[in-house]
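Chemist: Mind folding the following:
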Amino acid sequence: MITVTFYKDNQLRFGVKTDKGILDVEAAIAKFPELDDTPISVPELISKGEKGKQALARIVDRAYHEGDLFYSEDSLIFGPCVPEPQKIVCVGLNYKKHADECKMEYPTAPLLFSKFNNTLTGHGTDIPLPEKSSQVDYEAELAIVIGKQAKNVRQEEALSYVYGYCNANALSARDLQFKTPQWLLGKTCDGFCPIGPYLVSAEEVGNPNNLHIRSIVNGVVRQDSSTSDMIFFCDEIVSYISDHMTLYPGDLILTGTPEGVIAGYPEEKKVWLKDRDEVTIEVEKLGCLTNTLRKINKY
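Modeler: The predicted model follows:
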């Protein structure tokens, strides 16, 4: 199952990706009210689990020949594919070659920090460059979306608690990040966690620990790696976090970024993101997430 969120009449709507385009689920339910068990939001879909996906599949079949219920993707204004996570937990320094380029030791346990909901935005949106930073960096990441409440989960069972996955760009303002020993400030600027365009359920993805991952800036590939280079794999991460805090349906876990970030370049080659730079994140099977950085004029 591949789902999206998008804006219609200034309201966030829920859609399903099909070979005919994006089905407007709310409009389809209005046309077929007998299918009122269909989830109409991401939280509802995740909470209903397999039954929710089956209900969405039924309404897609029923609406398939109703052309007015489908939209082309290029006509949509996308929202974040998971709009209401209770938590956004991030894993730092989780790729071997990224740690190598930063000349840092491999962590002995997952290095955790957080982002807040103000960072969330969708595919295609403009992201404001922070007024107080001149060192904004991209970070291609695989994001895990939790599917059911998880506490003290064993590693071998951890992936059964995952609903699915999405692309994320865990943008960082490096000068703010390293201004103090705490990274939070540089990680939580507005719009610094675009996710999407799709939320892809786990069975569509298969093994998350062996996916091609890239970032592309203005058409030039900057990161080109695989999740197989992770220090802590997805099952380890979910299990570890659940040992320390309860994970809830819809929570996001950003699993780290591979080598190729600007911060890893030699000083003389560092060119930080600037006004009108376009950044695309691609994780295998999850589509392409593209955003443009914009300088916001105060006057």
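
Chemist: from here on, contacts and neighbour counts on C-alpha atoms
Modeler: Noted.

Chemist: what's the neighbour count on residue 284?
Modeler: 18 (other CA atoms under 10 Å).

Chemist: how about the helices in the stretch 1-150 of the chain?
Modeler: Counting by DSSP state H, counting those that start in this stretch, the stretch 1-150 of the chain has helices at residues 25-31, 42-63, 96-101.

Chemist: Which among the ones you listed is found nearest to residue 158?
Modeler: Closest to residue 158 of the helices of the stretch 1-150 of the chain is helix 42-63 (CA to CA; 15.9 Å).

Chemist: Give me the contacts around the closest one.
Modeler: Residues outside helix 42-63 that contact it (CA atoms under 8 Å, 6 or more residues apart in numbering): 1, 14, 16, 18, 23, 25, 28-29, 35, 37-39, 69, 81-84, 147-148, 163, 249-250.

Chemist: for the stretch 101-250 of the chain, which spans come out with low pLDDT?
Modeler: Of all residues in the stretch 101-250 of the chain, none has pLDDT under 70.

Chemist: Now do the strands for it: every range, in order, please.
Modeler: All strands of the stretch 101-250 of the chain, identified by DSSP state E, counting those that start in this stretch, fall at 111-115, 120-121, 126-129, 136-137, 140-146, 162-169, 172-173, 193-194, 199-201, 212-217, 220-226.

Chemist: ok, back up a step: got CSV for the helices of the stretch 1-150 of the chain, with distance to residue 199 and mean neighbour count too?
Modeler: CSV is the format used below for the helices of the stretch 1-150 of the chain (distance: least, CA to CA, whole Å; neighbours: other CA atoms under 10 Å):
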stretch, distance to residue 199, mean neighbour count
helix 25-31, 15, 18
helix 42-63, 9, 18
helix 96-101, 26, 19
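
Chemist: Any idea which of the ones you listed gets closest to residue 257?
Modeler: Proximity to residue 257 (CA to CA) singles out helix 96-101 among the helices of the stretch 1-150 of the chain, at 7.3 Å.

Chemist: Run through who's touching that closest one.
Modeler: Contacts of helix 96-101 (CA under 8 Å, 6+ apart): 93, 105, 106, 229, 230, 231, 257, 258, 259, 260, 264, 265.

Chemist: now these in a markdown table, with distance to residue 76 and neighbour count?
Modeler: Listed next are the contacts of helix 96-101 as a markdown table, based on distance: CA to CA, whole Å; neighbours: other CA atoms under 10 Å:
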| residue | distance to residue 76 | neighbour count |
| --- | --- | --- |
| 93 | 35 | 26 |
| 105 | 44 | 10 |
| 106 | 42 | 17 |
| 229 | 35 | 19 |
| 230 | 34 | 21 |
| 231 | 37 | 21 |
| 257 | 28 | 33 |
| 258 | 30 | 27 |
| 259 | 32 | 25 |
| 260 | 31 | 21 |
| 264 | 35 | 16 |
| 265 | 36 | 14 |
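
Chemist: need the helices of the stretch 1-150 of the chain in a markdown table with distance to residue 269, can you?
Modeler: Listed next are the helices of the stretch 1-150 of the chain as a markdown table, based on distance: least, CA to CA, whole Å:
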| stretch | distance to residue 269 |
| --- | --- |
| helix 25-31 | 48 |
| helix 42-63 | 42 |
| helix 96-101 | 14 |
